[in-house]
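A.B. asks: Starting from these lines, generate the structure:
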Amino acid sequence: MGEPRHKTIEPKILYFGTPVLLVSVLQEDGSPNLSPISSAWALGWTIVLGFEVTAKGKANLERTGECVLNAPSPDLWQNVERLAPLTGNNPPPAHKADKFQYCANKFAAAGLTTAPSECVAPPRVTECPLQLEAKLEATHVLANRDGRYPVGIVAVEVRVVRVHVHEDLIIKDHYINPARWSPLIYNFRHYFGLGPELGKTFRAEA
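C.D. replies: Next comes the predicted model:
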């Protein structure tokens with residue numbers, strides 16, 4: 001076997017396999033808005049979300065301080081994709097005006113339904129197997145020094161206050177079965193599920 005062969009490239013995006021979340025928040029009139037995002041990571045019960053500064057979901061989250069993070073399964077990818085060209089901003093931001101359109105009711109557009117939350121005002125997405133009610137902790141402005149991104153970007157830190165999981169995914173009362181839970185993955189602008197399990201970390205408890 002020879003040395004690994006690599007080439008230097010400059011892809012437009014670096015979504016090398018991240019979970020999709022549907023962030024539900026409330027609009028100014030109290031109606032729900034739903035934002036699909038592909039930039040999120042968790043540490044304990046803190047989750048950091050990536051938003052453009054012009055995103056309506058970000059504005060609503062900062063205004064109300066509450067959201068629900070809904071994690072779709074792979075079979076919902078077409079529902080998620082229906083949301084992709086839609087925005088809650090009317091009119092759409094200038095850098096999105098040629099490809100995005102305003103939508104007042106994203107739940108209906110995506111073919112998804114609402115379920116009441118317990119600790120926050122925004123609703124959950126009934127069809128998502130994993131739903132995390134959360135409250136805003138902080139917003140962090142991220143650097144964009146090289147200008148590769150068309151607008152400013154931020155990392156929004158939220159604290160999860162309530163977790164809802166479909167009962168078919170729960171084992172030992174409080175654990176999510178990793179063999180049955182498969183998140184929808186956004187991989188270089190393509191949708192994927194998970195493949196077969198390869199093993200587990202030494203810290204796995206179930």
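
A.B. asks: rest of the way, CA atoms for contacts and neighbours
C.D. replies: Will do.

A.B. asks: doesn't residue 130 make contact with residue 165?
C.D. replies: Yes. Counting by C-alpha atoms under 8 Å, residue 130 is a contact partner of residue 165 at 4.7 Å.

A.B. asks: the more surrounded of the two?
C.D. replies: In this comparison of residue 165 against residue 130, neighbours counted by other C-alpha atoms under 10 Å, the higher total goes to residue 130 at 22 against 17.

A.B. asks: quick one: that one and residue 71 touch, right?
C.D. replies: Yes. Using C-alpha under 8 Å, residue 130 is in contact with residue 71, at 5.2 Å.

A.B. asks: just for the protein, where's the confidence low?
C.D. replies: 1, 197-206 (pLDDT under 70).

A.B. asks: State the distance from the closest residue to residue 191 other than its chain neighbours to residue 152.
C.D. replies: Among residues not flanking residue 191 along the chain, residue 185 sits closest, at 5.7 Å (C-alpha to C-alpha, 6 or more residues apart in numbering). Separation of residue 185 from residue 152 (C-alpha to C-alpha, to the nearest Å): 24 Å.

A.B. asks: More neighbours: those two, which one.
C.D. replies: Between residue 185 and residue 152, counted using other C-alpha under 10 Å, residue 185 has the larger neighbour count: 24 against 15.

A.B. asks: who touches that one in this structure?
C.D. replies: Contact analysis of residue 185 by C-alpha atoms under 8 Å, 6 or more residues apart in numbering lists 17-20, 74, 191-194.

A.B. asks: Out of the residues you listed, who's the most crowded?
C.D. replies: residue 20 (25 neighbours).

A.B. asks: Does that one touch residue 186 like I think?
C.D. replies: Yes. Under the criterion of C-alpha under 8 Å, residue 20 is in contact with residue 186, at a separation of 6.2 Å.

A.B. asks: Can you check which residues contact both of these two?
C.D. replies: Counting by C-alpha under 8 Å, 6+ apart, the residues touching both residue 20 and residue 186 are residue 38.

A.B. asks: Shouldn't residue 195 be within a helix?
C.D. replies: No. Residue 195 sits outside any helix when classified using DSSP: H, G, I helix; E, B strand; the rest coil, being coil.

A.B. asks: what's the neighbour count on it?
C.D. replies: For residue 195, using other C-alpha under 10 Å, the count is 7.
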